[in-house]
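Enquirer: sequence-free structure coming up:
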């Protein structure tokens, strides 16, 4: 059989199915417990395959056939690939992710040595997809949460490499989920990453292989992002952004920042002031990041206590107010507006505005405006 170009095939498939009224394109997942479906009785455990359809529009139908505990070998020997064979058709996609259970040398029903047997079993999935006119996409196994200090440990070594080599040799599309999920783990760090895996103290679970929902969604995002890189024509069919994960250089990039990122508490910043611009009463300002160099905007919280206001003044720059709580009377270019929680006010250069607290509750505003060139 001739080697197919995965990009050319998928693009042609999209063109053929672009007409209204065609059935959804099926996306089959053949994999293990990291991708499989779990019922509510297993909550909060979820596989990334459960979250995949939340990233795709209704021109796709996800058929998650991943099964817990299976290797590339046992999935076939137990007949699960036969089930896919009975449904997959021209234009469909087969996502293939194994490796976790193939490495279990203590279990001869699942074990595959990585240099030859693993690739041979994976090739059966590739052949099946191509025989039915579908597109196979190989996926390296998702990372186990294991760290040596702050560096994730690659527990899949030769198995991930075998997938990469098979994809290159057989001209099959590859999503290198091992690398992208390890980079994601590195950027998250050892402690924060625990919240994405199945660490559930109330259930006495401390599982560094499987995910709870936030982890399943994060990994599904990495899968769709990798798929879009293989086939840019997928992008219009992605209903969520896939700007997720981080490059391998993320921590080095942070260390090289001229001005570091910061977390501050408003308790350290409170400044009591009279109403600005000739306003009445007393206010409390929280000038977040005021002295941080290189920041192009001012961002602050201002609390207008009872009877307080910001006096009328004309603007030379854009400014946004957002009401967090309380109520007020906002004057913009001679017209008064009653404002409350959830209201946002934009004042453009040349306009004049003022605001006065009303009622019994403090009026709390978030304020943002660009710094002048001299600041």
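Expert: Received, thanks. Remember, predicted model here, so these are calculated numbers, not experimental data.

Enquirer: biggest helix in the chain by residues?
Expert: Using DSSP state H, we find that the single longest helix of the chain is helix 213-230.

Enquirer: Next SSE downstream of it?
Expert: Remark: after helix 213-230, the chain's next helix or strand is helix 250-255, criterion DSSP states H and E.

Enquirer: and residue 325, what are its phi and psi?
Expert: Backbone torsions for residue 325, taken as degrees, to the nearest 10, come to phi -160, psi 160.

Enquirer: partner residues bridging it?
Expert: residue 364 (DSSP bridges).

Enquirer: Contact partners for it?
Expert: 341, 361-364 (CB atoms under 8 Å, 6 or more residues apart in numbering). (Each C-beta comes from the backbone N, C-alpha and C, glycine too.)

Enquirer: Likewise for residue 43?
Expert: By CB under 8 Å, 6+ apart, the contact list for residue 43 is empty.

Enquirer: could you measure it against residue 67, distance?
Expert: Relative to residue 67, residue 43 is positioned 19 Å away (CB to CB, to the nearest Å).

Enquirer: elements contacting the longest helix of the chain?
Expert: helix 6-16, strand 45-46, helix 48-51, strand 135-139, strand 173-175, helix 177-188 (3 or more CB pairs under 8 Å, 6 or more residues apart in numbering; DSSP states H and E).

Enquirer: The lowest-mean-pLDDT helix or strand in the chain: what's the following helix or strand?
Expert: One helix or strand of the chain scores below all others by mean pLDDT, DSSP states H and E: helix 6-16, with a mean of 44. Using DSSP H and E, the helix or strand that follows helix 6-16 in sequence is strand 25-31.

Enquirer: what's that next one in contact with?
Expert: Here strand 25-31 has contacts from 13, 17, 35, 47, 49, 52, 56, 59-67, 70, 75, 80-81, 84, 87-89, 91-98, 125, 134, 139, using CB under 8 Å, 6+ apart.

Enquirer: Try it again at 6 Å.
Expert: Residues from elsewhere that reach strand 25-31 (CB atoms under 6 Å, 6 or more residues apart in numbering): 35, 49, 60-66, 84, 88, 91-97, 125.

Enquirer: Over to stretch 153-167?
Expert: 99, 103, 114, 118-119, 122, 138, 140-141, 144, 146, 174, 178.

Enquirer: can you check stretch 56-72 too?
Expert: With CB under 6 Å, 6+ apart, stretch 56-72 has contacts from 24-33, 35-37, 49, 52-53, 80, 84, 98, 101-102, 110, 121-122, 237, 239.

Enquirer: Repeat that for stretch 269-279.
Expert: Contacts for stretch 269-279 (CB under 6 Å, 6+ apart): 281, 283-286, 308-311, 313.

Enquirer: Top of those residues by number of neighbours, please.
Expert: residue 310 (26 neighbours; other CB atoms under 10 Å).

Enquirer: From residue 362, how far out is that one?
Expert: From residue 310 to residue 362 the distance is 14 Å (CB to CB).

Enquirer: and what of residue 342?
Expert: 16 Å.

Enquirer: quick one, domains of this protein?
Expert: 6-254, 266-370 (automatic domain parsing).

Enquirer: Which among those domains is found nearest to residue 260?
Expert: Between residue 260 and the domains of the chain, the shortest gap by CB to CB is with domain 6-254, which sits at 7.7 Å.

Enquirer: quick one, what contacts the residue nearest in space to the middle of the chain?
Expert: Nearest residue to the geometric centre of the chain (CA atoms, centre = their mean): residue 244, 4.1 Å. Going by CB under 6 Å, 6+ apart, residue 244 touches residue 221.

Enquirer: Ok, residue 295 next?
Expert: residue 289.

Enquirer: The same query, at a cut-off of 10 Å, please.
Expert: 259, 288-289, 371, 375 (CB atoms under 10 Å, 6 or more residues apart in numbering).

Enquirer: List the buried residues for stretch 104-114?
Expert: By neighbour count on 16 or more other CB atoms under 10 Å, the buried set for stretch 104-114 is 110-112, 114.

Enquirer: again with stretch 209-221
Expert: Result for stretch 209-221 [16+ other CB under 10 Å]: buried residues 209-212, 215-221.

Enquirer: Just the closest of those residues to residue 263, please.
Expert: residue 218 (21.6 Å).

Enquirer: Now do the same contact list for the closest one.
Expert: Neighbours of residue 218 in contact, by CB under 10 Å, 6+ apart: 48, 51, 181, 184, 188, 193, 196, 211, 244-245.

Enquirer: swap in residue 258?
Expert: 293-294.

Enquirer: circling back: highest mean neighbour count out of the domains of the chain?
Expert: Counting by mean count of other CB atoms under 10 Å, domain 6-254 has the highest mean neighbour count of the domains of the chain, with a mean of 18.

Enquirer: which helices and strands sit right next to whichever strand or helix holds residue 357?
Expert: Using DSSP H and E, the secondary-structure element containing residue 357 is strand 352-358. Contacts defined by 3 or more CB pairs under 10 Å, 6 or more residues apart in numbering; DSSP states H and E place strand 352-358 against strand 297-304, strand 309-314, strand 319-325, strand 327-332, strand 335-339, strand 344-347, strand 363-370.

Enquirer: so how far is stretch 304-322 from its chain's centroid?
Expert: 37 Å (CA atoms, centre = their mean, to the nearest Å).

Enquirer: try stretch 31-42
Expert: Distance of stretch 31-42 from the chain centroid (CA atoms, centre = their mean) equals 20 Å.
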